[in-house]
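>>> coordinates only, no sequence provided:
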């Protein structure tokens, strides 16, 4: 370790630190935090810098979001049991409307295609050790939190952050979030994780926390959105010559993850490129040192075997042949100016296309392009005569206020079939422009005033309502039932996926209404509250049985359906009898 520490010392001092975050003054009584760092594994290879990562993550969360101490758990080198307890405690303590924050640095493992996070006592012979990342996302999505942020810096390929290990070849299935409230940010979509010794942290942790502290403010507005942070981390990793490729799984790309306005200046691109070359030299020296050590160990073992008569002296010839041809390999992405030139061209596609246009107008000289920001999409005109011609603008969210007003006026005089088409254009435009509130209003109007025959629209609206919380639970169930009334419109795999999701949505919504009624009953033990509790328990049982019957017929997983059924029925026999 001392050898390459000395190599890096000439430039490591220039690296900005992530260990002390800027205090934004924010204080949250609703958020809950769990920070997990596992560096010292009892039976597996240790993970360098994992505890430093956890400390930095704790600092960022405390200084940026200001959670209460009673809702903050930091576990250093926890066992699998302690990790699960910490996560369960955080999920229980997060309040409605708050954010659940979870970070993990350590080792992971893929078991039957499912990524698992490993505690300090994990063993190779115990494949089920640790926390399933899929189950973690599902449980977090069902919590009272309004949003969930999960940050994972872990190697799932057994390399334990080796800086010389090759990049895993394939991307991992990290699961999905049907609730659209979970952010899963993983250091490498292929499951690799590498250390960055000059920073004293994992590479992903160093870049990700730096981005969240302000380095990722790419548009200079003093705020860092999630999509900005992700882009900055990818670009910076590439500038350093590293092959690690982080991935974000979420619908919340515009979430301002930096908290209030902060200004933490990060490294410039030219700094990253220079550090990347220094980092390459350091890793090459490390590879040479490891090869030298391996050769020395092999020679000592061979000489001992020759002295004991176990190997003939001629074995030295084979040793010389083998080690004189030994190669070391270090992955590095070299900076290429032609790539930056291509980015400039992409930044102004309209001018690029105009260079070859029939009207003969000259396009801009590539050297004169100064911005890397994409051109802003222009809004449509205010006309609404041609429905088919308006579709491209709708799909890109480019309707002008004048066109929207024109369509609304036209709908007042149109027959139902034309109203249906015009309404769908407005819905598509709202969705493409990211206006979820307007989308919901337009979909509700469409279903109430025009037609309820489209099961896809009913399904999407039911899902939207369910995500709003228990207050919209009854409406979510109603529209889920409307979608099921027309389920014959779906075919094949789409039919299976949609029907399964609707059965689950109804049951989960009913269970949440039952739980809410029980809580109200405790606070107000009246006959009315008792009747409402009994009602929703019965609805939960009915829907759980229907869902369970469907899973059996479709050969789909039934654990959750069975669990809710047993919970509502009070016995296993009520849910397993034919």
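Right, received. Where do you want to start? This is a predicted model, so every value here is computed, not measured.

>>> what bridges to the spatially most central residue of the chain?
Central residue of the chain (Cα atoms, centre = their mean): residue 184, 2.3 Å from the mean position. Note on residue 184: beta-bridge partners by DSSP bridges are residue 150, residue 249.

>>> name all residues that make contact with it.
Contacts for residue 184 (Cβ atoms under 8 Å, 6 or more residues apart in numbering) come out as 133, 137, 150, 152, 174, 175, 177, 248, 249, 250. Where you see a C-beta, it was placed from the backbone N, CA and C, and this is true even at glycine.

>>> and which of those residues is nearest residue 553?
residue 175 (24.8 Å; Cβ to Cβ).

>>> for the closest one, give its distance to residue 140.
11 Å (Cβ to Cβ, to the nearest Å).

>>> with residue 549 instead?
29 Å.

>>> same thing with residue 60?
19 Å.

>>> same question for residue 334.
Residue 334 sits 40 Å away from residue 140, going by Cβ to Cβ.

>>> then residue 567?
Note on residue 567: its distance to residue 140, by Cβ to Cβ, is 20 Å.

>>> now residue 332
From residue 332 to residue 140 the distance is 37 Å (Cβ to Cβ).

>>> ok, residue 272 next?
Residue 272 is 33 Å from residue 140, by Cβ to Cβ.

>>> per-residue pLDDT of the residue nearest to the centre of the chain, please?
According to the prediction, residue 184 has pLDDT 91.

>>> please apply the same query to residue 339.
So, for residue 339, pLDDT stands at 60.

>>> ok, the one 10 residues further on next?
Listed pLDDT for residue 349 reads 49.

>>> can you check the one 4 residues further on too?
Turning to residue 353, the model gives it a pLDDT of 47.

>>> go on, residue 275?
Looking at residue 275, its pLDDT is 81.

>>> that one sits in which helix or strand?
helix 269-307 (DSSP states H and E).

>>> which strands and helices lie in contact with that helix?
helix 2-12, helix 226-239, helix 315-324 (3 or more Cβ pairs under 8 Å, 6 or more residues apart in numbering; DSSP states H and E).

>>> how many neighbours does residue 450 have?
Residues within reach of residue 450, counting by other Cβ atoms under 10 Å, total 17.

>>> what sits against it?
Here residue 450 is in contact with 416, 419, 420, 423 (Cβ under 8 Å, 6+ apart).

>>> any idea which of these is closest to residue 236?
Nearest to residue 236, judged by Cβ to Cβ, of the contacts of residue 450 is residue 423 at 44.6 Å.

>>> compare neighbour counts for residue 272 and residue 140 and give me the winner.
Between residue 272 and residue 140, counted using other Cβ under 10 Å, the more crowded position is residue 140 (25 against 20).

>>> dihedrals phi and psi, that one?
The phi and psi values for residue 140, taken as degrees, to the nearest 10, are phi -60, psi -40.

>>> do you have the strands of the stretch 51-200 of the chain handy? List them.
Taking DSSP state E, counting those that start in this stretch as the test, the strands found in the stretch 51-200 of the chain are 72-76, 99-111, 114-117, 131-132, 147-155, 182-186, 195-196.

>>> give me the low-pLDDT residue ranges for the stretch 1-150 of the chain?
For the stretch 1-150 of the chain, the stretches flagged by pLDDT under 70 are 1-13.

>>> okay if I get the contacts of residue 184 as a markdown table plus distance to residue 74 and neighbour count?
Converted to a markdown table, those look like this (distance: Cβ to Cβ, whole Å; neighbours: other Cβ atoms under 10 Å):
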| residue | distance to residue 74 | neighbour count |
| --- | --- | --- |
| 133 | 20 | 24 |
| 137 | 21 | 23 |
| 150 | 16 | 24 |
| 152 | 16 | 27 |
| 174 | 24 | 20 |
| 175 | 25 | 18 |
| 177 | 25 | 20 |
| 248 | 24 | 19 |
| 249 | 25 | 16 |
| 250 | 24 | 21 |
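
>>> burial count for the nearest residue to residue 32 once chain neighbours are set aside?
Excluding its sequence neighbours, the residue lying closest to residue 32 (Cβ to Cβ, 6 or more residues apart in numbering) is residue 94, at 3.7 Å. Neighbour count for residue 94, taken as other Cβ under 10 Å: 26.

>>> list the contacts of residue 94.
Residues near residue 94 by Cβ under 8 Å, 6+ apart: 30, 31, 32, 71, 100, 143, 144, 145.

>>> what about 7 Å?
Residues near residue 94 by Cβ atoms under 7 Å, 6 or more residues apart in numbering: 31, 32, 100, 143, 144, 145.

>>> which phi and psi does it have?
Reported as degrees, to the nearest 10, the phi and psi values for residue 94 are phi -60, psi 140.

>>> how far away is it from residue 143?
From residue 94 to residue 143 the distance is 6 Å (Cβ to Cβ).

>>> what do you get for residue 35?
For residue 35, the distance to residue 143 (Cβ to Cβ) stands at 17 Å.

>>> the more surrounded of these two?
The residue with more neighbours, out of residue 35 and residue 143, is residue 35; 27 against 20, by other Cβ under 10 Å.

>>> assign a three-state SS to residue 405, would you?
Classification of residue 405 using DSSP: H, G, I helix; E, B strand; the rest coil returns helix.

>>> next up, the contacts around the closest residue to it other than its chain neighbours.
In space, and not counting its chain neighbours, residue 405 is closest to residue 382: 7.7 Å by Cβ to Cβ, 6+ apart. With contact set as Cβ under 7 Å, 6+ apart, residue 382 has these partners: 400, 402, 403, 406.

>>> most neighbours among those residues, which one is it?
Using other Cβ under 10 Å as the neighbour test, these are led by residue 403, with 22 neighbours.

>>> how about the contacts made by that one?
Residue 403 touches 380, 381, 382, 383, 384, counting by Cβ under 7 Å, 6+ apart.

>>> make CSV from those and add pLDDT to it.
Putting the contacts of residue 403 into CSV (pLDDT from 0 to 100) gives the following:
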residue, pLDDT
380, 73
381, 82
382, 85
383, 87
384, 90
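
>>> which neighbours do residue 94 and residue 143 share?
Residues touching both residue 94 and residue 143 (Cβ under 7 Å, 6+ apart): residue 100.

>>> pull the number of nearby residues for the closest residue to residue 241 other than its chain neighbours.
Spatial nearest neighbour of residue 241, excluding adjacent residues (Cβ to Cβ, 6+ apart): residue 276 at 3.9 Å. As a burial measure, residue 276 scores 20 neighbours (other Cβ under 10 Å).

>>> returning to that earlier point: how close does the residue nearest to residue 32 get to residue 70?
Counting by Cβ to Cβ, the gap from residue 94 to residue 70 is 12 Å.

>>> mutual contacts of the two, please.
Between them, residue 94 and residue 70 share no contacting residue under Cβ under 7 Å, 6+ apart.

>>> residue 174 is in contact with residue 186, isn't it?
Yes. The criterion here is Cβ atoms under 7 Å, and residue 174 meets it with residue 186 at 6.1 Å.

>>> buried sites along stretch 533-546?
533, 536, 537, 539, 540, 541, 543, 544, 545, 546 (16 or more other Cβ atoms under 10 Å).

>>> and if you look at stretch 89-99?
Buried residues in stretch 89-99, defined by neighbour count with 16+ other Cβ under 10 Å: 90, 91, 93, 94, 95, 98, 99.

>>> and of these, the nearest to residue 488?
Using Cβ to Cβ, the buried residues of stretch 89-99 come closest to residue 488 at residue 91, 38.9 Å.

>>> name the nearest residue to the closest one, ignoring sequence neighbours.
Nearest residue to residue 91, sequence neighbours excluded (Cβ to Cβ, 6+ apart): residue 143, at 4.6 Å.
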